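Participant: kindly generate the corresponding structure for this input.
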Amino acid sequence: MTSKAVKVGEFYELDAQDDLADSAYYNEDLAPTRVADRTWNKTNIAALWVGMAICVPTYTLGGVLTAYFGLSVVEALVTILLANIVVLLPLTLNAFPGTKYGVPFPVLLRSSFGIVGSNIPCLIRGLVACGWFGIQTMFGGLAIHLLLSALSDSWASLGPVGEVIGFFIFWALNIYIVIRGSESIKWLETVAAPLLLAVGVGLMIWAGGKVSVSEVLATPANRPEGASVFGYFFAGLTAMVGFWATLSLNIPDFSRFARSQRDQVLGQIIGLPLTMFFFAALGVVLTAASATLVGETVSDPISLIGKIDSPFWVVISMVLIIIATLSTNTAANVVSPTNDFQNIAPKYINNTRGVLLTGLVGILLMGWELLKKLGWIQSDVSVESLYSNWLLGYSSLLGPIAGIMIVDYFLIKRQKLDLVALYSGNGRYPAFNVAGFVAFLLPVGLTLISLSFDVLNWFYNYGWFTGAASGAVIYYVVAGSKARAVALDEGKPVTS
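Facilitator: All right, here's what the predicted structure looks like:
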């Protein structure tokens, strides 16, 4: 018997037979989610976004925009809200094929970059996720260290060594949850979301009594007097869109479990923009209140709470921060590279091996920081500089991939995928899709030229937008021309 795609209502699932079981591009973990297993409703998907959005980097976004992008506090918060409304477009659009066909991100990329070529954008995306995984694990490890230090003077005496041990404890928690599968992640996010929101509201009320919120919101911008706000605003907007540029690519890794297209769209609209805005606003207010609370301005919530002279509240707060960081890290930074690594060699790398490989790369990327904490090396590079510089800038290079994916599915393939061919490697999808690489490399080349020679500054400054738009247009022209040529050769009507 041969494999075939089976339509179930508005969705498709794959009836895999021996021909696919023997394929080098197929395994059970990358296979399309069966319709019966697509159980995530809009509440689950909203909870996923609440769990991912409430994290230490989100807390610091307001400070990043005011300190580095020359915006006032009100301008920064408006920028964060608008950016997350903007990023909903690629998120919801790229989620559609995942929901309809049940395929994860790497398999969907086979349509636009080729069966083998998909590994290149996959690894680019996966490397960013591994970097974020290492950083978030560092934050989670610090929270574990402060929690245990509040309970034990002996642990507190370990100092930076305790932080390193905390890193590996938190690392193991992440690995365990993701290895258990999608239902484990769904349970964690659903439980964590209401708890985290309640704590956030409580902290906002508490901080409001320590500082004048109206005075905080009235904080002026630090840009040159008389300078136009628009250049600063759009640069900040680009950076904030870039914050979720990674998830706008691999959202099919989660939408493949959605119960319906309506659930994935509503869940993302409900869960993302307001949560990001609220938690970033909380970060601004608490940072302003920190001078009153601990006698100095502290922009990191973990360090701020660690300075509070009350073991009880430190323990409670650290438990909540551990839950928040765990819910962010497992979903945002482990699932994607796990699938990306599987795509390289599905017959040798399954879900468990992919998770362990992700964890190993995360340790290696944070190795310098761990060795620095142990006192074995000296380094001026900080986690904060890695977060604020390299990763956010690198994420802007992902814009072309988002544009290519959207155009390929909606305009070139017209929302029709050949499930069997995506996994067999024998059919309509080539090993390398030239159109995809042309559309990706040209915008990336312009970005690198802009960085290297101080020309076309606008192309880099607005990198996610320019990259996504140029990648989409180039792909439509190149892939559309090829599709028309094939149609003419076969004597078919030209449809694109």
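
Participant: is it fair to say residue 6 lies in a strand?
Facilitator: Yes. Counting by DSSP: H, G, I helix; E, B strand; the rest coil, residue 6 falls inside a strand.

Participant: how near is residue 73 to residue 446?
Facilitator: 34 Å (C-beta to C-beta, to the nearest Å). Yep, even glycine has a C-beta here, placed from its N, CA and C like the rest.

Participant: what does residue 420 give?
Facilitator: From residue 420 to residue 446 the distance is 37 Å (C-beta to C-beta).

Participant: same check on residue 135?
Facilitator: From residue 135 over to residue 446 the distance is 28 Å, taken as C-beta to C-beta.

Participant: now do residue 3
Facilitator: According to C-beta to C-beta, residue 3 and residue 446 sit 41 Å apart.

Participant: go on, residue 324?
Facilitator: 38 Å.

Participant: these two - which one has more neighbours?
Facilitator: More neighbours surround residue 324 than the other of residue 324 and residue 446, with 30 against 19 (other C-beta atoms under 10 Å).

Participant: tell me the contacts of the more buried one?
Facilitator: When contacts are counted by C-beta atoms under 8 Å, 6 or more residues apart in numbering, residue 324 is found next to 51, 54-55, 192, 196.

Participant: same question for residue 419.
Facilitator: 5, 12, 14, 32, 101, 103.

Participant: reformat the residues you listed as CSV; add secondary structure, neighbour count and pLDDT.
Facilitator: Compiled in CSV, these are given as follows (DSSP: H, G, I helix; E, B strand; the rest coil; neighbours: other C-beta atoms under 10 Å; pLDDT from 0 to 100):
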residue, secondary structure, neighbour count, pLDDT
5, strand, 16, 94
12, strand, 18, 96
14, strand, 22, 94
32, coil, 25, 96
101, helix, 25, 97
103, coil, 28, 97
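
Participant: between those, which is nearest residue 94?
Facilitator: residue 103 (11.5 Å; C-beta to C-beta).

Participant: wait, that closest one sits on residue 12?
Facilitator: No. With contact defined as C-beta atoms under 8 Å, residue 103 does not reach residue 12; the gap is 9.3 Å.

Participant: so where do the strands sit in this protein?
Facilitator: 4-8, 11-15 (DSSP state E).

Participant: which stretch among the ones you listed comes nearest residue 359?
Facilitator: Closest to residue 359 of the strands of the chain is strand 11-15 (C-beta to C-beta; 29.2 Å).

Participant: from the chain's centre, how far out does that closest one sit?
Facilitator: Strand 11-15 sits 27 Å away from the centroid of its parent chain (C-alpha atoms, centre = their mean, to the nearest Å).

Participant: likewise for stretch 297-304?
Facilitator: 23 Å.

Participant: need the longest helix for this protein.
Facilitator: Secondary structure of the chain per DSSP state H: the longest helix is helix 119-151.

Participant: same question for it, mean pLDDT?
Facilitator: Averaging pLDDT along helix 119-151 yields 91.

Participant: show me what contacts the residue nearest the centre of the chain?
Facilitator: What sits nearest the mean C-alpha location of the chain, by C-alpha atoms, centre = their mean, is residue 247, with 3.7 Å. Residues in contact with residue 247 (C-beta under 8 Å, 6+ apart) are 52, 91, 332.

Participant: what stretches of the stretch 251-400 of the chain score poorly on pLDDT?
Facilitator: Residue ranges of the stretch 251-400 of the chain with pLDDT under 70: 381-396.

Participant: would you agree residue 10 is in contact with residue 100?
Facilitator: Yes. The criterion here is C-beta under 8 Å, and residue 10 meets it with residue 100 at 7.1 Å.

Participant: re the thing from before, now the residue nearest to the centre of the chain: how far from residue 196?
Facilitator: According to C-beta to C-beta, residue 247 and residue 196 sit 18 Å apart.

Participant: same thing with residue 419?
Facilitator: 37 Å.

Participant: now do residue 17
Facilitator: Note on residue 17: its distance to residue 196, by C-beta to C-beta, is 45 Å.

Participant: neighbour-wise, which of these two wins?
Facilitator: Comparing residue 17 with residue 196 by other C-beta under 10 Å, the one with more neighbours is residue 196, at 25 against 13.

Participant: need the pLDDT of that one.
Facilitator: Value listed for residue 196 in the pLDDT field: 83.

Participant: ok, it - contacts?
Facilitator: 50-51, 54, 320, 323-324, 327.

Participant: can you do 10 Å?
Facilitator: Residues in contact with residue 196 (C-beta atoms under 10 Å, 6 or more residues apart in numbering) are 47, 50-51, 53-55, 189, 275, 279, 320-321, 323-324, 327-328.

Participant: and the two most separated of those?
Facilitator: 47 and 321 (18.0 Å).

Participant: in stretch 256-272, what's buried?
Facilitator: By 16 or more other C-beta atoms under 10 Å, the buried positions in stretch 256-272 come out as 256-261, 263-272.

Participant: repeat that for stretch 43-52.
Facilitator: Across stretch 43-52, burial judged by 16+ other C-beta under 10 Å covers 44-52.

Participant: same question, stretch 34-42
Facilitator: With burial defined by 16+ other C-beta under 10 Å, the residues of stretch 34-42 counted as buried are 35, 38, 40-42.

Participant: and residue 274, how far is that from residue 405?
Facilitator: Taking C-beta to C-beta, one finds residue 274 at 26 Å from residue 405.

Participant: those two: which is more packed in?
Facilitator: Set residue 274 next to residue 405 and count neighbours by other C-beta under 10 Å: residue 405 wins out with 29 against 17.

Participant: so the more buried one touches residue 248, yeah?
Facilitator: Yes. Shown here, residue 405 and residue 248 form a contact pair, counting by C-beta atoms under 10 Å, at 9.0 Å.

Participant: okay, and the common contacts of the two?
Facilitator: Between them, residue 405 and residue 248 share these contacting residues under C-beta under 10 Å, 6+ apart: 90, 93-94, 468.

Participant: quick one: which of these is most hemmed in?
Facilitator: Neighbour-wise, the shared contacts of residue 405 and residue 248 (other C-beta under 10 Å) top out at residue 468, 27 neighbours.

Participant: you'd agree that residue is up against residue 447?
Facilitator: No. The pair residue 468 and residue 447 does not pass the contact test of C-beta under 10 Å, sitting 12.0 Å apart.

Participant: got the CA positions of stretch 336-346 in PDB?
Facilitator: Extracted as PDB, the C-alpha positions of stretch 336-346 are listed here (Å, rounded to 0.1, in the frame of the first residue of the first chain):
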ATOM      1  CA  SER A 336      11.600  24.700  17.700                       C
ATOM      2  CA  PRO A 337      15.300  23.600  17.700                       C
ATOM      3  CA  THR A 338      14.200  20.100  18.700                       C
ATOM      4  CA  ASN A 339      12.100  19.900  15.500                       C
ATOM      5  CA  ASP A 340      14.800  21.700  13.500                       C
ATOM      6  CA  PHE A 341      17.500  19.200  14.500                       C
ATOM      7  CA  GLN A 342      15.200  16.300  13.700                       C
ATOM      8  CA  ASN A 343      14.700  17.600  10.200                       C
ATOM      9  CA  ILE A 344      18.500  17.100   9.500                       C
ATOM     10  CA  ALA A 345      18.300  13.300   9.900                       C
ATOM     11  CA  PRO A 346      14.800  12.100  11.000                       C
END
